[in-house]
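Colleague: my questions are about this predicted structure, shown below with the sequence.
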Amino acid sequence: MCYHNVAKVELHCHLDGILNPSILKEILLKRNTSLKIEELESAYPVLCFDDFINWFNKTNPHFKSLPDYKPIINHHVQNLRTQNVIYAELMIPSGSLPLDKEKMLECVQEFREYTTAMENGKVQIEYIVAFGRNKTPQHVEERGDRILKLYDSHLICGVAVAGLEQGNPIKPFRKTFERFKEAGIGIEIHAGEWCGPESVHDALENGFPDRIGHGVSLFKNPNLIEIIREKQIHIEICPTSNLKTGSVDDIKNHPIKQAFNLGINFSINTDDPGTFECTMESEFKLLHDTFGFGEQEFEKIKENSLKSRFQKQLRYS
């Protein structure tokens, strides 16, 4: 089938995981950057969790503030348009934002305007702020103030928690997540990626999520599956990412087919397309070739993804 013509929705993509050698080469034609092509190329291929960390250790020091991502997002939005992606939510790393609240608002406003100008009536781009699990409750509470300020200013539509699950539960942050829930901001928690079902239980009980990122291990627990189905929690599935970081040992063992057969509400995502050398089109092809997904499955996934978006207003139809 022609994957190009399939309308796509992406809800799980990290702004700091988009860069690839091709984009860097184009950036270097117009401006200088301290990251060299050879240094980035040496981080490939990413075939395990340690490779994944190595990739980020090489790239992150060179892109520290939100404006640094402008040339990257410029290429990314163009790529999304060519893949017939009609709606996408991207995660901004919280550490890339200015500490001063007014400067933070100005920075995100300017970045949003820059992005919207590239949509060309084809793809709607929205933003979520993501922070790591490896923070103190005090730090998360302070980040919560800033995130809610951005949300109240209509500059972001959601908040996400990422990072290593082992030893970093959500429970200590329950107070902040209660504030998020009360404010009505969309909540996404990465869980069940590298830990077992207990990580998803912790996220559900203490983070009040609308969406779970990855959620691979939840399919090992029938009771948890029923909770997810009953509450219609959306699962952001990232097949290539799960394979390359070791969440699944073989793509044929990925639970995505099980999720579809069970009527789980989920989306298809790239996670870090630069890191894992994937695109939305390649993810669709992977699922077609491996599990036989076709037009009917992809249309249902698109519908569920749109229903689960954090920004409820659509600019294009």
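Modeller: Here it is on my side, so go on.

Colleague: which residue ranges of this protein form helices?
Modeller: All helices of the chain, identified by DSSP state H, fall at 21-28, 37-41, 49-59, 70-82, 101-116, 137-152, 174-183, 197-207, 222-231, 239-244, 256-261, 273-276, 280-291, 295-307.

Colleague: what comes up buried for the first one?
Modeller: Of the residues in helix 21-28, those buried by neighbour count under the rule 16 or more other Cβ atoms under 10 Å are 23, 24, 27. No exception for glycine: its C-beta is placed from N, CA and C like everyone else's.

Colleague: so which elements touch it?
Modeller: The helices and strands touching helix 21-28, judged by 3 or more Cβ pairs under 8 Å, 6 or more residues apart in numbering; DSSP states H and E, are helix 37-41, helix 70-82.

Colleague: would you list these in CSV and tack on mean pLDDT?
Modeller: As requested, these are arranged in CSV below (pLDDT from 0 to 100):
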stretch, mean pLDDT
helix 37-41, 95
helix 70-82, 96
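
Colleague: deepest-packed of these, please.
Modeller: Stretch with highest mean neighbour count among the helices and strands packed on helix 21-28: helix 70-82 (a mean of 18; mean count of other Cβ atoms under 10 Å).

Colleague: relative to helix 70-82, how tilted is the least confident helix or strand in the chain by mean pLDDT?
Modeller: In the chain, no helix or strand scores lower on mean pLDDT, DSSP states H and E than helix 21-28, which sits at a mean of 93. Interaxial angle, helix 21-28 versus helix 70-82 (axes from the mean of the first three to the mean of the last three Cα atoms, to 10 degrees): 130 degrees.

Colleague: and for residue 224, the neighbour number?
Modeller: 20 (other Cβ atoms under 10 Å).

Colleague: how close does residue 231 get to residue 210?
Modeller: Per Cβ to Cβ, to the nearest Å, residue 231 is found 10 Å from residue 210.

Colleague: what do you get for residue 233?
Modeller: Distance of residue 233 to residue 210, computed by Cβ to Cβ: 7 Å.

Colleague: neighbour-wise, which of these two wins?
Modeller: residue 233 (23 against 19).

Colleague: what distance do you get for the closest residue in space to residue 205 that isn't next to it in sequence to residue 133?
Modeller: Nearest residue to residue 205 in three dimensions, chain neighbours excluded: residue 171, at 7.6 Å (Cβ to Cβ, 6 or more residues apart in numbering). Residue 171 sits 11 Å away from residue 133, going by Cβ to Cβ.

Colleague: between those two, point out the one with more neighbours.
Modeller: Using other Cβ under 10 Å as the criterion, residue 171 and residue 133 rank with residue 133 on top: 21 against 12.

Colleague: now for that one: which residues touch it?
Modeller: 161, 162, 163, 164, 165, 168, 169, 170, 190 (Cβ atoms under 8 Å, 6 or more residues apart in numbering).

Colleague: pLDDT wise, what is the residue nearest to it when sequence neighbours are not counted at?
Modeller: In this structure, residue 133 finds its nearest non-sequential neighbour in residue 168, 3.6 Å apart by Cβ to Cβ, 6+ apart. The score at residue 168 is 97. That number is its pLDDT.

Colleague: number of nearby residues for residue 168?
Modeller: By the criterion of other Cβ under 10 Å, residue 168 has 17 neighbours.

Colleague: does it touch residue 136 like I think?
Modeller: No - under the criterion of Cβ atoms under 8 Å, residue 168 makes no contact with residue 136, lying 10.9 Å away.

Colleague: if we can go back for a sec, and the least confident helix or strand of the chain, how far out from the chain's middle?
Modeller: 22 Å (Cα atoms, centre = their mean, to the nearest Å).

Colleague: repeat that for stretch 252-266.
Modeller: 19 Å.

Colleague: buried residues, it. List them.
Modeller: Going by neighbour count (16+ other Cβ under 10 Å), the buried part of stretch 252-266 is 254, 255, 256, 259, 260, 264, 265, 266.

Colleague: and what of stretch 164-173?
Modeller: Using 16+ other Cβ under 10 Å as the test for burial, stretch 164-173 gives 165, 168, 169, 170, 173.

Colleague: CA-only coordinates of it in CSV, if you can.
Modeller: What follows is stretch 164-173, C-alpha atoms only, in CSV (Å, rounded to 0.1, in the frame of the first residue of the first chain):
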residue,chain,number,x,y,z
LEU,A,164,14.6,6.4,33.6
GLU,A,165,11.8,4.6,35.4
GLN,A,166,13.9,2.4,37.7
GLY,A,167,14.2,4.1,41.1
ASN,A,168,12.3,7.2,39.9
PRO,A,169,8.6,6.7,40.7
ILE,A,170,5.9,9.2,40.0
LYS,A,171,4.4,9.0,43.6
PRO,A,172,6.7,11.7,45.1
PHE,A,173,5.3,14.1,42.5
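
Colleague: got the contact list for it?
Modeller: Contacts for stretch 164-173 (Cβ under 8 Å, 6+ apart): 133-134, 136-137, 140, 161, 177, 189-195, 199, 202-203, 205-207.

Colleague: ok, now stretch 76-88?
Modeller: So stretch 76-88 is contacted by 4-11, 13, 18, 23, 90, 115, 118-120, 122-126, 273, 279-281, 305-306, 309, 314, 316 (Cβ under 8 Å, 6+ apart).
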